[in-house]
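fold the stuff below for me.
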Amino acid sequence: MKINKLIIKNLYGYIDKNLNFNSDITLLVGINGSGKTSILNIINWLLKPSIPHLCITEFKSIQLFFEFKGAHYEIMCKHHKKNLHIISKLIKTNITL
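Sure thing, here's the model as predicted:
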């Protein structure tokens, strides 16, 4: 699996992140409280998934784009009023049948 991109809107009510991951290695660097651990937690919660953690964490929307076995996927998670919506979709596949 290769993570390509993570877009977070309104994390904790005030943080927007748009991260593009490099093909070889990506380092998360920042001061305390800048969101490094939150980014890792969110990726984990989306890929596992952990509905309770996603429900209690404040954000407007999260999009995770990744590749797995030659196919490209997106997981989108949105808070809407008191509802949590999680949508996963296949974007593109390079697999021929």
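
only C-alpha atoms from now on, for both contacts and neighbour counts.
OK.

got the residue ranges for the helices in the protein?
In the chain, the helices defined using DSSP state H lie at 36-47, 51-56.

please identify the deepest-packed of these.
helix 36-47 (a mean of 15; mean count of other CA atoms under 10 Å).

so which elements touch that helix?
Counting contacts by 3 or more CA pairs under 8 Å, 6 or more residues apart in numbering; DSSP states H and E, helix 36-47 packs against helix 51-56.

what is the helix it packs on packed up against?
helix 36-47.

what about residue 30, neighbour count?
Neighbours of residue 30 under the rule other CA atoms under 10 Å: 9.

can you tell me the closest non-neighbouring residue to it?
Once flanking residues are discounted, residue 30 sits nearest to residue 36: 7.0 Å by CA to CA, 6 or more residues apart in numbering.

so for that neighbour, what's the pLDDT?
Residue 36 carries a pLDDT value of 92.

what do you get for residue 58?
93.

likewise for residue 82?
87.

contact partners for the residue nearest the centre of the chain?
Centre of the chain computed as the mean C-alpha position; nearest residue by CA atoms, centre = their mean is residue 64, 3.5 Å away. Shown in contact with residue 64 (CA atoms under 8 Å, 6 or more residues apart in numbering): 3, 4, 5, 6, 7, 43, 46, 74, 75, 76.

low-confidence ranges, the chain, go.
95-97 (pLDDT under 70).

what about the strands in it?
2-11, 15-20, 61-68, 71-80, 83-93 (DSSP state E).

got the ones you listed as CSV, with distance to residue 50 columns?
Below are the strands of the chain laid out as CSV (distance: least, CA to CA, whole Å):
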stretch, distance to residue 50
strand 2-11, 17
strand 15-20, 20
strand 61-68, 14
strand 71-80, 12
strand 83-93, 11
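
what's the closest of the ones you listed to residue 29?
strand 15-20 (12.1 Å; CA to CA).

tell me what the closest one is packed against?
strand 2-11.

can you list the buried residues in the strand it packs on?
In terms of neighbour count (16 or more other CA atoms under 10 Å), strand 2-11 has its buried residues at 3, 4, 6, 7, 8, 9, 11.

next, the angle from that strand to helix 36-47.
Per axes from the mean of the first three to the mean of the last three CA atoms, to 10 degrees, the angle that strand 2-11 makes with helix 36-47 is 110 degrees.
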